[in-house]
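Peer 1: Just need the structure, nothing else, for what follows:
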Amino acid sequence: MEALKNSPTMKVIADLDVKTTERFVSFLLQFASFKSLKIHCKFLEISCDGIAWLCSWVAFIWLINSKNLYQMQVNMLLGLLLDIVVVAVLKALVRRRRPAAVKDALVIGPDKFSFPSGHASRAFYVLIFFTKLHTLPIIFWMPMTAWAVSVVISRLILKRHFILDVSAGALIGICEALFIGLIWISEETATSLLGLITEDESV
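Peer 2: Down below sits the predicted model:
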């Protein structure tokens, strides 16, 4: 992996990615709509944070005890855990530095590596999950798509990632959702698993 990172080809690609990202962000910030997005970048960052999603989802499972939701809850949780593991392993292997150091104390659990983007993978995993696997009413599709795309763009504006980072992250999130679709846990298995976790005999 180290030899691949130090290869001339990879250095050219990385340099091109850095320059392209800088030009792309500068271009975006010429428009009022993206300038206003910059104001909301911190909210978007927190809205797709891995720790925040995992804790919130576990709390959701614990508080909303409905058999109609068990299958969706368990499959979503499995995907969130998968995403954290996949992104952590890839970041540890690639070890690409972020465009700028994270100094904001309000950021939850920042790490120093940028490839791939966990926020991008999570945003697109959630998007595909709720539009293809556990389909929400179509009225929610556009807001969810706008949120996922905004999260990705915010990562560039905040200088947390380069374009290749967020592109790879989005692709990983889509693949994770497709994988969860392939191994989709049945309602009976989901009910049994939640019964073990909650130790609730009524489940």
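Peer 1: Please identify the helix or strand for Ile153.
Peer 2: Under the criterion of DSSP states H and E, Ile153 resides in helix 141-157.
Peer 1: which parts of that helix are buried?
Peer 2: Of the residues in helix 141-157, 144, 147-148, 150-157 count as buried by neighbour count, 16 or more other C-beta atoms under 10 Å. (C-beta placed from N, C-alpha, C; glycine too.)
Peer 1: and these as JSON lines, adding pLDDT and distance to Pro8?
Peer 2: Formatted as JSON lines, the buried residues of helix 141-157 follow (pLDDT from 0 to 100; distance: C-beta to C-beta, whole Å):
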{"residue": "Met144", "pLDDT": "95", "distance to Pro8": "41"}
{"residue": "Trp147", "pLDDT": "94", "distance to Pro8": "39"}
{"residue": "Ala148", "pLDDT": "95", "distance to Pro8": "35"}
{"residue": "Ser150", "pLDDT": "91", "distance to Pro8": "36"}
{"residue": "Val151", "pLDDT": "93", "distance to Pro8": "33"}
{"residue": "Val152", "pLDDT": "93", "distance to Pro8": "29"}
{"residue": "Ile153", "pLDDT": "91", "distance to Pro8": "31"}
{"residue": "Ser154", "pLDDT": "89", "distance to Pro8": "33"}
{"residue": "Arg155", "pLDDT": "91", "distance to Pro8": "28"}
{"residue": "Leu156", "pLDDT": "91", "distance to Pro8": "26"}
{"residue": "Ile157", "pLDDT": "88", "distance to Pro8": "30"}
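Peer 1: Considering those residues, which is situated nearest to Leu127?
Peer 2: Ala148 (4.3 Å; C-beta to C-beta).
Peer 1: For the closest one, give me its contacts.
Peer 2: If a contact means C-beta atoms under 8 Å, 6 or more residues apart in numbering, then Ala148 has 123-124, 126-127 as its contacts.
Peer 1: change it to 10 Å
Peer 2: For Ala148, the contacting residues are 48, 119-120, 122-128, 131, 170, 173, by C-beta atoms under 10 Å, 6 or more residues apart in numbering.
Peer 1: can you check Glu187 too?
Peer 2: 67-68, 70-72, 74.
Peer 1: What distance do you get for it to Asn75?
Peer 2: Glu187 sits 10 Å away from Asn75, taking C-beta to C-beta, to the nearest Å as the criterion.
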